[in-house]
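# 3D model of this:
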Amino acid sequence: MATIEKLHHASGTVYKAKVRRKGHRTVTKTFKYNSDAEKWARKYEAELDRDNAGLVALGRRHALHSVITRYRNERLPELAPGTQVAYDIHLRFWEEHLGHLKLSELRPEKIAKLRDSLREQGKKPAGVNRYLAALAAVLTRCVKHWHILESNPVQRVAKLVENNARQRFLTEAELARLLQACRDSESPDLYMAVLLAITTGARKAEIMSLRWSQVDLQAAVIKLERTKNGDRRTLAIASQVQPLLKARKAGQQRGNVTELQADGLVFPSRTSQRKPVTLRESFAKAVERAGMRDFHWHDLRHSCASFLAEGGASLRQIGEVLGHRSVEATRRYSHLTEQNAHQLVRGLADKRLGS
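Residues are numbered from 1 along each chain as shown. As a prediction, the model looks like this:
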């Protein structure tokens with residue numbers, strides 16, 4: 001129980017807070033103001049309560065690197081393949097900088113400082129927030145599943161403001177130039193990967209982690225069992241893409257001594273069949289050869305949405321193709337569907353009423 005004692009000294013009046021608790025040593029602290037003494041006493045008693053529940057002691061026992069290892073072993077394999085790759089990269093960063101700390105030593109200010117350092121290194125706000133999300137996922141596991149941490153300190157760290165208003169779409173002329181540049185690329189994977197991105201709207205991670213077991217060439221669909229949002233999604237394979245995929249599969253089979261594994265990657269690395277190929281440099285060169293500026297891989301996904309809108313697809317249909325959970329995520333394309341709707345209305349009026 002906490003008590004506050006008012007003491008008079010030659011230098012002035014002070015307030016001595018004393019906390020007694022069975023099984024714990026008596027702790028005292030002196031303050032200039034009574035309100036500060038009461039606040040400290042309440043906080044210290046709350047910490048004792050947490051300690052009695054075992055969470056503080058457990059937090060002092062477990063280091064961050066150990067729970068990240070456990071997360072990698074238990075939870076990471078359950079996530080979508082693309083998310084696994086991204087989280088592995090992000091968690092290595094936190095291991096390097098904070099892995100030596102006990103969970104009880106993780107403070108929001110330490111996390112925020114590293115958040116700012118990522119930004120100073122040139123990471124975009126969205127990218128920095130992904131690093132925070134990976135750490136938050138591990139610590140949430142500690143709180144809700146493993147019960148070795150009372151609260152998640154990442155929740156008290158502000159995320160950076162993201163600019164999601166970017167709307168860079170391919171024009172028909174740019175599309176033709178880009179596809180030709182991809183055909184001319186030294187990479188044997190680039191053209192096929194870009195073609196899939198444009199025609200399916202799939203994320204880069206979904207394409208790079210794609211396995212032959214997910215590709216049904218007879219039904220002309222790609223089945224994504226675990227996406228970024230945790231939902232199942234089916235992608236239609238365009239008629240122009242289907243023969244290219246068949247040829248690619250046959251070519252990989254000829255290049256293997258053993259039978260092509262059903263879970264083999266569609267775009268394996270040249271150095272390891274277990275890792276996806278990296279197309280960052282080859283894509284950048286293709287964009288440059290196509291005479292385009294300010295165009296990123298993710299803009300292929302935006303372009304797919306714009307082509308769907310031009311073809312008359314609704315926002316709901318576009319969202320289903322892209323795998324959006326909410327209409328808000330698809331709303332950035334609303335002006336495209338509105339333009340198409342206006343053209344339909346004018347076309348109907350011209351047909352029924354005459355010019």
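
# domain parsing for the chain?
2-53, 61-156, 172-297 (automatic domain parsing).

# so which of those comes closest to S314?
Minimum separation from S314 across the domains of the chain (C-beta to C-beta) falls at domain 172-297, 14.6 Å. Any C-beta I mention is one placed from the backbone N, CA and C, and that applies to glycine too.

# ok, back up a step: next, format the domains of the chain as TSV and append mean pLDDT, mean neighbour count and distance to G312.
Shown next, in TSV, are the domains of the chain (pLDDT from 0 to 100; neighbours: other C-beta atoms under 10 Å; distance: least, C-beta to C-beta, whole Å):
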stretch	mean pLDDT	mean neighbour count	distance to G312
domain 2-53	79	13	58
domain 61-156	91	17	30
domain 172-297	85	16	16
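
# now those domains in TSV, with distance to V321?
Rendered in TSV, the data for the domains of the chain read as follows (distance: least, C-beta to C-beta, whole Å):
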stretch	distance to V321
domain 2-53	48
domain 61-156	17
domain 172-297	5
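
# what's the closest of those to F307?
Judging the domains of the chain by C-beta to C-beta, what sits closest to F307 is domain 172-297, at 7.6 Å.

# so which of the domains of the chain comes closest to Q317?
domain 172-297 (11.1 Å).

# chain center to that closest one: distance?
21 Å (C-alpha atoms, centre = their mean, to the nearest Å).

# what are the ranges of the strands in this structure?
For the chain, the strands defined by DSSP state E cover 2-9, 12-19, 27-31, 215-216, 221-224, 233-236.

# can you lay out the ones you listed as TSV showing distance to S104?
Output for the strands of the chain, formatted as TSV (distance: least, C-beta to C-beta, whole Å):
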stretch	distance to S104
strand 2-9	22
strand 12-19	19
strand 27-31	18
strand 215-216	48
strand 221-224	40
strand 233-236	41
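
# list just the one of the domains of the chain that sits closest to S303.
domain 172-297 (6.1 Å).

# start to end distance for the closest one?
End-to-end distance for domain 172-297: 17 Å, by C-alpha to C-alpha, to the nearest Å.

# show me the contacts for the closest residue in space to T278 that isn't next to it in sequence.
Sequence neighbours aside, S269 is the residue nearest to T278 in space, at 7.1 Å (criterion: C-beta to C-beta, 6 or more residues apart in numbering). Each residue near S269 by C-beta atoms under 8 Å, 6 or more residues apart in numbering is listed here: K275, P276, V277, T278.

# and what of T234?
With C-beta under 8 Å, 6+ apart, T234 has these contacts: V221, I222, K223, L224.

# A134 now?
Contacts of A134 (C-beta under 8 Å, 6+ apart): A86, Y87, H90, L91, W94.

# which among the residues you listed gets closest to L244?
A86 (27.5 Å).

# I figured that closest one hits E206, correct?
No - if you go by C-beta atoms under 8 Å, A86 and E206 don't touch, sitting 11.8 Å apart.

# V67 contacts T140, doesn't it?
No - V67 lies out of contact with T140 (C-beta under 8 Å); the separation is 11.0 Å.

# list the contacts of stretch 84-99.
63-65, 68, 71-72, 76-77, 79, 106, 110-111, 114, 118, 130-131, 133-135, 137-138, 205, 208-209, 276.

# now intersect these with the helices, please.
64-65, 68, 71-72, 110-111, 114, 118, 130-131, 133-135, 137-138, 205, 208 (DSSP state H).

# can you pull the contacts of the nearest residue to Q214 once chain neighbours are set aside?
Take Q214 and drop its neighbours on the chain: the residue closest to it by C-beta to C-beta, 6+ apart is K223, 5.1 Å away. For K223, the contact set (C-beta under 8 Å, 6+ apart) comprises Q214, D216, R232, R233, T234, L235.

# just R183 next, same as before
R183 neighbours (C-beta under 8 Å, 6+ apart): Y191.

# how close does the residue lying closest to S151 once chain neighbours are set aside sit to S104?
What sits nearest to S151 in space, not counting adjacent residues and going by C-beta to C-beta, 6+ apart, is V143, at 6.5 Å. Taking C-beta to C-beta, to the nearest Å as the measure, V143 and S104 are separated by 13 Å.

# need the overlap of contacts for the two.
By C-beta under 8 Å, 6+ apart, no residue touches both V143 and S104.

# L149 reaches L103, doesn't it?
Yes - assessed by C-beta under 8 Å, L149 is found in contact with L103 at 5.1 Å.

# can you tell me the centre-most residue of this protein?
R130 (5.0 Å; C-alpha atoms, centre = their mean).

# list the residues that contact that one.
Contacts of R130 (C-beta under 8 Å, 6+ apart): A86, H90.

# and S209, by the same measure?
A80, P81, G82, V85, L265, P276.

# ok, of the residues you listed, which one's closest to D189?
Out of the contacts of S209, the member with the shortest distance to D189 (by C-beta to C-beta) is P276, at 9.2 Å.

# who's that closest one bridged to?
P268 (DSSP bridges).

# report the two of the contacts of A134 separated the most.
Checking the contacts of A134 with C-beta to C-beta, the most distant pair is A86 and W94, at 13.2 Å.
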